[in-house]
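Asker: mind folding the following:
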Amino acid sequence: MNKALFMKSEAASPHLKDIPNQMSQCASDLGRGVLRLWHAYRAHRERRAAKAQLMALDDHMLKDIALDRSEIDSVLRDTSQDRPSIAVYF
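Answerer: Now for the predicted structure:
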């Protein structure tokens, strides 16, 4: 009787064999999510540091790099290729 019960439960739940694969997929999805959050955090910190450095420049220096003080935020957020990127060295 125990053998019949075991065989019946084994036949009823064939998806139990897929649990390691499902757990692996879930872990890799979670890892990718954490990695995306980390990259977004790093990009935010880099933009914040670049903004601080650009705001520290005087208006004449900003004019030398063809930038107005009012454009700093939009330039740092802009991802298009219309305007040459500004390299800020730390």
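Asker: does the residue nearest to the spatial centre of the chain count as helix, strand or coil?
Answerer: What sits nearest the mean C-alpha location of the chain, by C-alpha atoms, centre = their mean, is R36, with 2.6 Å. What DSSP: H, G, I helix; E, B strand; the rest coil gives for R36 is helix.
Asker: what ranges do the strands span in this structure?
Answerer: Per DSSP state E, the chain has no strands. Nothing in it meets that criterion.
Asker: show the contacting residues for M55.
Answerer: R69, I72 (C-beta atoms under 8 Å, 6 or more residues apart in numbering). C-beta here means a position set from N, CA and C on the backbone, and glycine is covered the same way.
Asker: ugh, typo on my part, it should be I72
Answerer: If you count contacts by C-beta under 8 Å, 6+ apart, then I72 has K51, L54, M55 around it.
Asker: narrow the residues you listed to those in helices?
Answerer: K51, L54, M55 (DSSP state H).
Asker: how close does the nearest residue to the second one once chain neighbours are set aside get to G31?
Answerer: Yep, that's L54 we're talking about. For L54, ignoring the flanking residues on the chain, the nearest one in space by C-beta to C-beta, 6 or more residues apart in numbering is I72 at 5.0 Å. Per C-beta to C-beta, to the nearest Å, I72 is found 35 Å from G31.
Asker: got the contact list for the residue lying closest to R47 once chain neighbours are set aside?
Answerer: Residue nearest to R47 in three dimensions, not counting chain neighbours: L76, with 4.9 Å by C-beta to C-beta, 6+ apart. By C-beta under 8 Å, 6+ apart, L76 lies in contact with R47, A50, K51, L54.
Asker: ok, 6 Å please
Answerer: For L76, the contact set (C-beta atoms under 6 Å, 6 or more residues apart in numbering) comprises R47, A50, K51.
Asker: and the pLDDT for it?
Answerer: pLDDT, L76: 89.
Asker: how long is stretch 69-78 end to end?
Answerer: End-to-end span of stretch 69-78 (C-alpha to C-alpha, to the nearest Å): 15 Å.
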